[in-house]
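>>> After the sequence you'll find the predicted model.
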Amino acid sequence: MRLFEDADYDLIPNRRIGYIISGTLLTLSVISLLVKGLALGIDFRGGMEFVVGNTTDVPTAEVRSVLVEPLENEPEVKRFGDTGHLIRVSSEKEITAVENLVINTLQQEFQDANIQIEKTNVVGPRFAEDLKRGAIYAVLGALLVIFLYIMVRFEWRYSLGAVAALVHDVTITLGLFSILAGIAPFSLQIDQSIIAAFLTIVGYSLNDTVVVFDRVREYVNLFKTEAFDEIVNRSINATLSRTVVTSVTTLIVVTILFIFGGEVLKGFSFALIIGVIIGTYSSIFVASPTIVELNRRLEQSIA
């Protein structure tokens with residue numbers, strides 16, 4: 001299936017439009033991350049979690065709303081198994097006091113349900129800090145391995161282009177999580193599942209980028225008399241159909257997951273939706289222009 005048969009768009013000649021769009025999004029993202037920060041789940045800030053049984057018929061949003069006032073902050077509430085909810089909250093009170101507060105509030109609000117605490121757990125600050133450090137190392141480690149892989153398969157210019165696109169994608173997605181936290185009608189707290197989503201975004205974006213780079217390498221040997229920026233533009237147009245079809249089909253799947261996956265998967269699927277869109281964009285307007293600019297600087301330094 002080819003949506004763009006014989007595509008011939010001036011994408012590289014008009015790359016400065018992409019610079020403006022990316023620069024604006026990156027600026028807004030960095031400002032929000034510095035000023036507002038991220039809403040961290042208890043995985044990364046420490047806290048308590050309770051498995052509450054016999055709440056099958058109680059909507060997750062209602063459980064969260066009735067607990068906000070007594071707990072003095074918004075808890076993280078997710079469906080858990082077939083009969084209950086997982087409630088996570090950050091509090092300086094004793095776990096027994098918080099447990100009594102949760103069960104008493106829910107029993108008072110939902111008197112028809114035989115609500116009971118089935119399990120409790122505490123995530124200590126040290127453990128949360130270890131998880132946070134591990135998440136950062138996972139993302140940075142992935143970027144390093146990708147840089148080395150692309151450098152071995154292609155060359156250093158392509159490595160820098162790929163990593164620039166990945167940093168671009170992760171930063172903008174994090175920025176949107178920061179901007180929309182507290183505004184979106186679902187939880188955008190950063191937990192371990194969101195880190196998994198970011199690593200998935202990195203892999204997806206890299207896949208698109210490598211396809212374009214592979215075509216560039218092929219065309220460099222095939223069209224030796226053409227300028228490098230023309231070759232890159234030709235390569236993007238040649239792979240445009242594959243890129244768009246893959247992105248659209250993936251976007252359909254993650255959108256369905258977002259709509260029908262339940263409250264637990266809202267944040268995860270939202271990150272993937274943003275990642276697919278930004279990843280497709282960056283392979284065309286970030287990674288490819290980066291290798292064009294690096295090649296131009298290299299030619300100028302040699303001349």
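Cool, the structure landed.
>>> from memory F110 sits against N54, does it?
No: assessed by CB atoms under 8 Å, F110 is found out of contact with N54, at 9.3 Å. The way it works is simple: take the backbone N, C-alpha and C, and place the C-beta from them, glycine included.
>>> buried residues in stretch 131-140?
Residues L131, K132, A135, V139 are the ones in stretch 131-140 that count as buried (16 or more other CB atoms under 10 Å).
>>> Next, the distance between the ends of stretch 176-188.
Taking CA to CA, to the nearest Å, the first and last residues of stretch 176-188 lie 10 Å apart.
>>> Rounded mean pLDDT for that stretch, please.
Predicted confidence along stretch 176-188 averages 86 (mean pLDDT).
>>> coming back round to it: looking at the buried residues of stretch 131-140, which is nearest A39?
Within the buried residues of stretch 131-140, proximity to A39 (CB to CB) peaks at K132, which comes in at 13.6 Å.
>>> Could you check the pLDDT of that closest one?
77.
>>> ok, now which ones touch it?
By CB atoms under 8 Å, 6 or more residues apart in numbering, the contact list for K132 reads L40, F44.
>>> go again using 10 Å as the cut-off
Contact analysis of K132 by CB atoms under 10 Å, 6 or more residues apart in numbering lists L40, D43, F44, R45, G46, I190, I195.
>>> tell me the SS of it?
At K132, secondary structure determined by DSSP: H, G, I helix; E, B strand; the rest coil is helix.
>>> and stretch 220-240, which residues are buried?
Under the neighbour-count criterion of 16+ other CB under 10 Å, stretch 220-240 has F228, D229, I231, V232, N233, R234, S235, I236, N237, A238, T239, L240 buried.
>>> now for these, which pair is the farthest apart?
The span of those, defined through CB to CB, is set by F228 and L240 at 18.8 Å.
>>> in stretch 87-96, what counts as buried?
I87, R88, V89, S90, S91.
>>> Stretch 99-116 too?
By 16+ other CB under 10 Å, the buried positions in stretch 99-116 come out as E99, L101, V102, T105, L106, F110, A113, I115.
>>> so how far is it from its chain's centroid?
Averaging C-alpha positions (CA atoms, centre = their mean, to the nearest Å) puts stretch 99-116 35 Å from its chain's average.
>>> which two in the contacts of K132 are spaced the farthest apart?
Among the contacts of K132, the pair separated by the greatest distance (CB to CB) is G46 and I195, at 16.6 Å.
>>> Which member of the buried residues of stretch 99-116 is positioned nearest R153?
The shortest gap between R153 and any of the buried residues of stretch 99-116 belongs to V102, at 52.8 Å (CB to CB).
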